[in-house]
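Q: Based on what follows, work out the 3D shape:
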Amino acid sequence: MIHRHALTCTGFGNHISEHIGRDHVQNPVQVTTPLPTVPLPAGFGVEFDAETQFVGSDVLFGGSPPRFLRLNRAGVRALEELRGGPVGSTGSGRLARRLTDTGMAHPCPPPLRGPVDVTVVIPVRDRAAELDRCLSALGTGNRVIVVDDGSLDPEAVTGVCTSHGAELIRRPVSGGPGPARNDGLALVTTPLVAFLDSDCVADPGWIAGLAAHFADPMVGAVAPRVLGETGENATGRFLDARAPLDMGARPARVAPLTRAAYVPTAALLVRSAAIADRSTGWAFDPGLRYGEDVDLIWRLCAAGWRVRYDPAAEVRHVEPVRWLPILSRRFRYGTSAAPLSRRHPGLVPPLVLQAWPAATVAALLARRPVIAVAAHGAGTYQLVRLLRGWDVPARGIFGPMGESVKQTWLGAGQWSIQFGLPVVAAGLARPGGRTLRTRLGRRLALASLLAGPPVAAWMRSRPRLDPFRFGLGYLADEAAYGAGVYRGAITERLAAPLLPRFAWRPLPKARSRNGPRAESTAAQAPPGQDAC
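A: Numbers count the residues shown, from 1 in each chain. Take a look at the predicted model:
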């Protein structure tokens, strides 16, 4: 899998305005005609995201990436309906779909009716004790298929499966979790399939907690929150704050180049029909040893399926207790970036920069305050001009504008840690410059890039670990991942996973209040961001 690679630094320097109904999907990995978009079904409610703001009665701001959404009169009526209850008309269903697709709101499905018809597929290689614990927690309510991926002690795996009544199929040679899941999937006949790793602990309720989402015919997969099960030593306290499979406490639509760009298949509930790829014969790419889960999610998105992340359901994942396995795993995750970039061009940038915030940060790091103020002012002017064209007050924009600069600085720092830590360290040791003031300024700029991301992460999560040790762990963790990206890039002979991307869109003209519903994306990712 891939972890925390694409960093989108949001800003307000670039905007686009478009009709909501216009098809603007551009995805280079799309191999079939995408599913037609249909309204969110009747009975679904919506919960507005915590960061969605109602700028006026007909203008909303939020989503991922952040955008302004203006509604026409019919849209305003549909919004009033959604704020008062579940979807009850075609108009409110269409608006609910748009809000949940952009991340401004999240779907609230109606309660399940009847039991869930699902098969659980668990790949395993040795780990008999972990498998026993996994099956014990899962219970016996569903059909379970365990795929032994070439274990060195197959008898131990057989004994565990027999004691729990799980079906067992064996692969003579290990091919990795992706091919093992494919073998298990070939035996699935139920409408839903749940993928679960053997080192996960999940009670039977996690499936029922996610299955209600499939009342939406466009949902192809739903993921729970995967929390780390850690020890009490320093590594455990570090992973409490930075568990690699934990996607956070906020629900999200999963799509490339958004806040939730992927979800792991350590625990994932999938519509069987969505991954029954009869033309190729596989769901998980057998050519990917790592990142096969990200590839699957992105192909679902390209086909038009919606993928949801619902943290209300939780699964536990056993984490390593020593630093060497943690950093080795991060290195392996990093090696997946280049193969994924080869398969999904444009979707694996290490950093997406918006023009005006990037110019502001670059000027500040170069100690050019006048240029920084000018760049920040230009971005602010663009946003004010757009809002005035919509007759929307521009008050309250200075906070988000400042936040965009902060996030750009933190993103640049994380990129520097991942891919340039030795260079930055050398710059701190020998900054160059003729005067003491110049050398001090350069050292402060470089130090801010190294210290900013771990300090921000520590303050955000408040781990049970002092800032110094947490910071060292953060630097080692990100540098190990970056080393893996370098390794994959050299193997694939591909530089794209290492190079930041600059996003730029011109300021559009404002649209009429009585005209079609219009959308302005305040922090633009490249085309194709709304593909799923």
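
Q: What separation do you get for G441 and S416?
A: Separation of G441 from S416 (C-beta to C-beta, to the nearest Å): 17 Å. To be clear about C-beta, it is placed using only N, CA and C from the backbone, and glycine gets the same treatment.

Q: Report all helices and strands that the host helix or strand of R181 contacts.
A: If you go by DSSP states H and E, R181 is part of helix 177-185. The contact analysis (3 or more C-beta pairs under 8 Å, 6 or more residues apart in numbering; DSSP states H and E) places helix 177-185 against strand 118-124, strand 143-149, strand 167-171.

Q: just so I have it, where are all the helices in the stretch 301-450 of the chain?
A: 323-334, 337-343, 355-365, 369-389, 398-429, 436-461 (DSSP state H, counting those that start in this stretch).

Q: among those, which is nearest S92?
A: Nearest to S92 among the helices of the stretch 301-450 of the chain is helix 369-389 (26.4 Å), distances taken as C-beta to C-beta.

Q: Buried residues, the helix or strand encompassing A129. List them.
A: Assigned by DSSP H and E, A129 belongs to helix 128-138. For helix 128-138, a neighbour-count test (16 or more other C-beta atoms under 10 Å) marks 128, 130-135, 137-138 as buried.

Q: Equivalent analysis for stretch 224-237, please.
A: 224-230, 234-237.

Q: ditto for stretch 56-74
A: Residues 58-72 are the ones in stretch 56-74 that count as buried (16+ other C-beta under 10 Å).

Q: Identify the farthest-apart pair in the buried residues of stretch 224-237.
A: Pairwise over those, using C-beta to C-beta, the maximum falls at P224 and A234, 27.6 Å.

Q: where in the stretch 1-150 of the chain is pLDDT low?
A: 1-33 (pLDDT under 70).

Q: what are the ranges of the strands in it?
A: Secondary structure of the stretch 1-150 of the chain by DSSP state E, counting those that start in this stretch: the strands cover 7-8, 17-19, 45-48, 53-54, 59-62, 67-70, 105-108, 118-124, 143-149.

Q: JSON lines for those, including distance to V373?
A: JSON lines is the format used below for those (distance: least, C-beta to C-beta, whole Å):
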{"stretch": "strand 7-8", "distance to V373": "24"}
{"stretch": "strand 17-19", "distance to V373": "28"}
{"stretch": "strand 45-48", "distance to V373": "35"}
{"stretch": "strand 53-54", "distance to V373": "26"}
{"stretch": "strand 59-62", "distance to V373": "24"}
{"stretch": "strand 67-70", "distance to V373": "25"}
{"stretch": "strand 105-108", "distance to V373": "36"}
{"stretch": "strand 118-124", "distance to V373": "55"}
{"stretch": "strand 143-149", "distance to V373": "58"}
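
Q: Relative to G334, which of those is closest?
A: G334 lies closest, by C-beta to C-beta, to one member of these: strand 7-8, at 14.1 Å.

Q: which residues does F44 contact?
A: For F44, the contact set (C-beta atoms under 8 Å, 6 or more residues apart in numbering) comprises 86-87, 93, 96, 107-110, 215-216.

Q: okay, and the helix or strand of this protein with the least pLDDT?
A: Every helix and strand in the chain was compared by mean pLDDT, DSSP states H and E; the lowest is strand 17-19, with a mean of 30.

Q: Just the buried ones among the contacts of F44, please.
A: The neighbour-count test (16+ other C-beta under 10 Å) marks 86-87, 93, 96, 107-109, 215-216 as buried among these.

Q: and the closest residue to P251 other than its chain neighbours, what are its bridge partners?
A: Of all residues not flanking P251 in the chain, H106 sits nearest, at 4.3 Å (C-beta to C-beta, 6 or more residues apart in numbering). Counting by DSSP bridges, H106 is bridged to E47.

Q: Count the residues that sit near H106.
A: Using other C-beta atoms under 10 Å, H106 is surrounded by 20 other residues.

Q: who are the neighbours in contact with it?
A: Each residue near H106 by C-beta under 8 Å, 6+ apart is listed here: 46-49, 100, 251-253, 308.

Q: go with 10 Å
A: 45-49, 52, 99-100, 250-253, 308-310 (C-beta atoms under 10 Å, 6 or more residues apart in numbering).

Q: Repeat that for R242.
A: 3-4, 228, 326, 457, 461, 463, 470, 473-474, 477-478.

Q: can you rerun that using 7 Å?
A: Residues counted as contacts of R242 (C-beta atoms under 7 Å, 6 or more residues apart in numbering) are D477.

Q: What spatial separation is found between it and A456?
A: Counting by C-beta to C-beta, the gap from R242 to A456 is 12 Å.

Q: Ok, G377 next?
A: The gap separating G377 from A456 is 25 Å, by C-beta to C-beta.

Q: between these two, which one's more packed in?
A: A count of neighbours by other C-beta under 10 Å puts A456 above the other of G377 and A456, at 17 against 13.

Q: Buried residues of stretch 38-58, list them for me.
A: 39-41, 44-46, 48-49, 52, 55, 58.

Q: ok, now stretch 340-348?
A: Applying 16+ other C-beta under 10 Å to stretch 340-348 flags 340-341, 343-344, 346-348 as buried.

Q: and what of stretch 416-429?
A: 416-421, 424, 427-428.

Q: sorry, back to before: kindly reformat the buried residues of helix 128-138 as JSON lines containing distance to A445.
A: Below are these laid out as JSON lines (distance: C-beta to C-beta, whole Å):
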{"residue": "A128", "distance to A445": "53"}
{"residue": "E130", "distance to A445": "46"}
{"residue": "L131", "distance to A445": "51"}
{"residue": "D132", "distance to A445": "53"}
{"residue": "R133", "distance to A445": "49"}
{"residue": "C134", "distance to A445": "48"}
{"residue": "L135", "distance to A445": "54"}
{"residue": "A137", "distance to A445": "50"}
{"residue": "L138", "distance to A445": "52"}
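
Q: Identify, from those residues, the entry nearest to V321.
A: Using C-beta to C-beta, the buried residues of helix 128-138 come closest to V321 at E130, 13.7 Å.

Q: For burial, what's the neighbour tally of the closest residue to the closest one other than its chain neighbours?
A: With C-beta to C-beta, 6+ apart as the criterion, E130 has its nearest non-adjacent residue at 4.7 Å, and that residue is D199. D199: 18 surrounding residues under other C-beta under 10 Å.
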